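**Student:** coords please:
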Amino acid sequence: MRMSAGVEWAVHCCVVLSQAEHPVPSSRLASLHGVSKTYLAKHLQALARAGIARPTEGRDGGYVLMRPPEQISVLDVVQAIDGPEPAFRCTEIRQQGELAAPPEQCRKICGVAKVMADAERAWRTSLSATSIADLAGSFDTSGMRRVLRS
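**Tutor:** All right, here's what the predicted structure looks like:
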C-alpha cells in the first residue's frame, strides 16, 4: 500500500487546524511543515472539495475545519487526497495467458483478490476508527497552539 505524500501533509494540517483558534493561512501551514506552498495548496483544495476544511476570505483568511475534529476520520482525509478507489484492482489475471482458467472455474473469488480485499477492509476500518481529534491527542500540541497564537 502506497499513499501519496499529500496524505501525510493533509493529515498533519488537519491536526494543526484542530488546534487553531483562528483560520490558518495555507502559507503558514506550509511553513510549519516545511513543505511546498503550491503543492500543499492543491491538497488543501482537495480537503475543501471533500467538506473537511474550508478557506476563509479577508485579511485574516486561511483554512478552518468544517466539522469538529472528532467527526473527521483519517480515512476521510486519505480519500479526499488519494480518492476512494481501492488500492488493489483485480484484473482476473487467472483467466489470461498460457495458464488461463476457463470462466466456469473462476466463479469463486480468487485467493489473491480475497486476501487483498480483506487487507483493504482492515486498513479502511482502522483509518475510519481514528479521528483527527485522536491524532491531536497523541501529539504534544502545546507548542503547536503557542506557535499558532503568534
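**Student:** Which residues are in contact with R124?
**Tutor:** L75 (Cβ atoms under 8 Å, 6 or more residues apart in numbering). Just so you know, the C-beta spots here come from the backbone N, C-alpha and C atoms, and that holds for glycine as well.
**Student:** does it count as helix, strand or coil?
**Tutor:** helix (DSSP: H, G, I helix; E, B strand; the rest coil).
**Student:** Residues touching stretch 43-58, excluding its own?
**Tutor:** 6, 9-10, 13-14, 17, 23, 26, 29, 61-67, 72, 76-77, 79-81.
**Student:** got a list of what I109 touches?
**Tutor:** The contact partners of I109, taken as Cβ under 8 Å, 6+ apart, are A117.
**Student:** which ones are touching S26?
**Tutor:** Counting by Cβ under 8 Å, 6+ apart, S26 has contacts K37, L40, A41, L44, P55, G62, Y63.
**Student:** now the helices: where do they sit in the chain?
**Tutor:** 5-19, 26-33, 37-49, 74-82, 111-128, 132-138, 142-149 (DSSP state H).
**Student:** Only the buried residues of the longest one, if you could.
**Tutor:** Of the residues in helix 111-128, A113, M116, R124, L127 count as buried by neighbour count, 16 or more other Cβ atoms under 10 Å.
**Student:** Sketch out the low-pLDDT regions of this structure for me.
**Tutor:** Scanning the chain with the threshold set as pLDDT under 70 gives 1, 141, 146, 150.
**Student:** Put the buried members of the contacts of stretch 43-58 into a ChimeraX selection.
**Tutor:** Command for ChimeraX that selects the buried part of the contacts of stretch 43-58, burial taken from 16+ other Cβ under 10 Å:
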select :6,9,10,13,14,17,23,26,29,62,63,64,65,72,76,77,79,80,81
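**Student:** related to what we said a few turns ago, ok, which pair from the contacts of S26 is furthest apart?
**Tutor:** K37 and P55 (14.1 Å; Cβ to Cβ).
**Student:** Mind checking which of those two has more residues around it?
**Tutor:** Taking other Cβ atoms under 10 Å, K37 and P55 do not tie; P55 has more neighbours (16 against 13).
**Student:** in the sheet, who's paired with that one?
**Tutor:** For P55, the beta-bridge partners are Y63 (DSSP bridges).
**Student:** Relative to L47, how far out is it?
**Tutor:** Counting by Cβ to Cβ, to the nearest Å, the separation of P55 from L47 is 10 Å.
**Student:** All set, thanks.
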